[in-house]
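K.L.:
Predicted model and sequence below, questions to follow.
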Amino acid sequence: NCYFKSKNGTVAGRLSADGYWTIFIGARPFQAHRIAWLMETGEWPMGLIDHINGKRTDNRWDNLRDSTHLVNQQNMRKAHSDSRVGLLGVSRHGKSGFRATIKVGEKHVYLGTHKTAELAHAFYVEAKRQLHEGCTL
């Protein structure tokens, strides 16, 4: 017994606290991107569904990929909200320098210390494009 309260032409579900569309079937919540994967492939996704463009509400088929946790994490596009510098892969080093580092597997790889945060970030992005399978920058 499955019934829908959404009307034709409206968006089903609601935005969850973590920014994903959630659709309730009966009383059970499902993430909309996982349902979209099921509808397109006929199979429940094996891993995580990664939003390629980083937008959690963009559930268009060409924006979704079945991925591992590692690949999904590699698709970060901006620094965490608690970042002191505000650029992915960059931290302060000393009074006038900025350090670029990238995580590869379980290791943090040092990419040098640079005079500006923007230069350190450029080194990080170049390395990310080469080393992270999940990179979409």
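P.N.:
Nice, I can see it.

K.L.:
What residues of stretch 66-75 count as buried?
P.N.:
Neighbour-count burial for stretch 66-75, counted by 16 or more other Cβ atoms under 10 Å, picks out 66-67, 71-72, 74-75. In this view, the C-beta of every residue, glycine as well, is placed from N, C-alpha and C.

K.L.:
Pull the distance from stretch 44-51 to the chain's centre.
P.N.:
From the chain centre to the centre of stretch 44-51 is a distance of 12 Å (Cα atoms, centre = their mean, to the nearest Å).

K.L.:
lowest-confidence helix or strand of this structure?
P.N.:
The weakest-scoring helix or strand in the chain, judged by mean pLDDT, DSSP states H and E, is helix 69-74 (a mean of 88).

K.L.:
what helices or strands is that one leaning on?
P.N.:
strand 48-51 (3 or more Cβ pairs under 8 Å, 6 or more residues apart in numbering; DSSP states H and E).

K.L.:
And the strands in the chain?
P.N.:
14-15, 21-25, 28-31, 48-51, 64-67, 90-93, 97-104, 107-114 (DSSP state E).

K.L.:
For those strands, give me JSON lines that also has mean pLDDT and distance to residue 37.
P.N.:
Shown next, in JSON lines, are the strands of the chain (pLDDT from 0 to 100; distance: least, Cβ to Cβ, whole Å):
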{"stretch": "strand 14-15", "mean pLDDT": "92", "distance to residue 37": "19"}
{"stretch": "strand 21-25", "mean pLDDT": "92", "distance to residue 37": "13"}
{"stretch": "strand 28-31", "mean pLDDT": "94", "distance to residue 37": "10"}
{"stretch": "strand 48-51", "mean pLDDT": "96", "distance to residue 37": "6"}
{"stretch": "strand 64-67", "mean pLDDT": "95", "distance to residue 37": "6"}
{"stretch": "strand 90-93", "mean pLDDT": "94", "distance to residue 37": "34"}
{"stretch": "strand 97-104", "mean pLDDT": "95", "distance to residue 37": "27"}
{"stretch": "strand 107-114", "mean pLDDT": "95", "distance to residue 37": "32"}
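
K.L.:
Turn these into JSON lines, columns for distance to residue 79.
P.N.:
Formatted as JSON lines, these follow (distance: least, Cβ to Cβ, whole Å):
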{"stretch": "strand 14-15", "distance to residue 79": "23"}
{"stretch": "strand 21-25", "distance to residue 79": "25"}
{"stretch": "strand 28-31", "distance to residue 79": "25"}
{"stretch": "strand 48-51", "distance to residue 79": "18"}
{"stretch": "strand 64-67", "distance to residue 79": "21"}
{"stretch": "strand 90-93", "distance to residue 79": "8"}
{"stretch": "strand 97-104", "distance to residue 79": "12"}
{"stretch": "strand 107-114", "distance to residue 79": "15"}
